[in-house]
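>>> coordinates only, sequence not included:
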């Protein structure tokens, strides 16, 4: 049970991170997501981190990696549900999640992805 | 990190179960879901169990409980993503998840919930 499930909703893939990420799980998630984006032609990836009470530099880098991989496969990524305390810690650590879009919750995240698709279709 | 996140998408609440459920986690999830249904007026609950390789009688009962609680709060429940091996084991164990709707994936689950809402609106 060390694979994180990826749920497909229309042209968006949804991932809920609930466990502390180990190296292997994080690598597996990146590979699985790349495969699923390629297989489904999804144009959006949503990562819910509302269950995470700690986001360290490892997780921060993983989120940036996923965002980068998705971008190359022409999908936008949005991270949703970050707890306020996590945001504070991230800034204190100097991790600003460059290149990663964020939204407060899933609904706002979906709206953000829709906007990203529109911008993409209009040639950015 | 022993609370399972509940994601709201429109009038549906989505839960992804990724960890082996302990008594406390299962009880917490039931309470959280009841609270969220009451607070949001959600009319559908979707539970993704694609990450579970084993569904024993404890988890089976929890799924039935959640379905029952949601029904009392006038929300329909659908369990999605059950692995084929899990379905086989459930039947062999004589657990048939009475009263629990199932669907192969999230998209089919959403369609099933839409249908359940329609039936509900039409007076069943």
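Perfect, thanks for sending it. The structure presented is a predicted model; accordingly, all values stated were derived computationally and were not measured.
>>> all contacts plus neighbour counts: C-alpha atoms, from now on.
Will do.
>>> Check what pLDDT the closest residue in space to residue A:10 that isn't next to it in sequence gets.
Counting by Cα to Cα, 6 or more residues apart in numbering or on different chains, the nearest residue to residue A:10 once its immediate chain neighbours are dropped is residue B:107, at 7.2 Å. At residue B:107, the pLDDT value in this model is 91.
>>> isn't residue B:107 right up against residue A:12?
No - if you go by Cα atoms under 8 Å, residue B:107 and residue A:12 don't touch, sitting 11.1 Å apart.
>>> More neighbours: which of these two?
Counted by other Cα atoms under 10 Å in any protein chain shown, residue B:107 and residue A:12 do not tie: residue A:12 has more neighbours, with 22 against 15.
>>> How confident is the prediction for the more buried one, by pLDDT?
94.
>>> Is the residue nearest to the spatial centre of chain A in a helix, a strand, or coil?
Residue closest to the average C-alpha location in chain A (Cα atoms, centre = their mean): residue A:47, at 3.7 Å. On the three-state scheme (DSSP: H, G, I helix; E, B strand; the rest coil), residue A:47 is labelled strand.
>>> List the contacts of it.
Contacts for residue A:47 (Cα atoms under 8 Å, 6 or more residues apart in numbering or on different chains) come out as A:14, A:15, A:16, A:17, A:77, A:78, A:79, A:80.
>>> What's the separation between it and chain B?
Separation of residue A:47 from chain B (Cα to the nearest Cα, to the nearest Å) stands at 11 Å.
>>> Okay, the residue nearest to residue A:10 and residue A:9: tell me how far apart.
According to Cα to Cα, to the nearest Å, residue B:107 stands 6 Å off from residue A:9.
>>> do the same with residue A:24
26 Å.
>>> Compare these two (neighbour count), which wins?
residue A:9 (15 against 11).
>>> does that one really touch residue B:106, like I thought?
Yes - counting by Cα under 8 Å, residue B:106 is a contact partner of residue A:9 at 6.5 Å.
>>> re the thing from before, can you list the contacts of residue A:47 in JSON lines and add secondary structure, neighbour count and distance to chain B?
As requested, the contacts of residue A:47 are exported to JSON lines (DSSP: H, G, I helix; E, B strand; the rest coil; neighbours: other Cα atoms under 10 Å in any protein chain shown; distance: Cα to the nearest Cα, whole Å):
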{"residue": "A:14", "secondary structure": "strand", "neighbour count": "20", "distance to chain B": "10"}
{"residue": "A:15", "secondary structure": "strand", "neighbour count": "20", "distance to chain B": "9"}
{"residue": "A:16", "secondary structure": "strand", "neighbour count": "27", "distance to chain B": "7"}
{"residue": "A:17", "secondary structure": "coil", "neighbour count": "20", "distance to chain B": "9"}
{"residue": "A:77", "secondary structure": "strand", "neighbour count": "30", "distance to chain B": "17"}
{"residue": "A:78", "secondary structure": "strand", "neighbour count": "24", "distance to chain B": "15"}
{"residue": "A:79", "secondary structure": "strand", "neighbour count": "24", "distance to chain B": "13"}
{"residue": "A:80", "secondary structure": "strand", "neighbour count": "22", "distance to chain B": "10"}
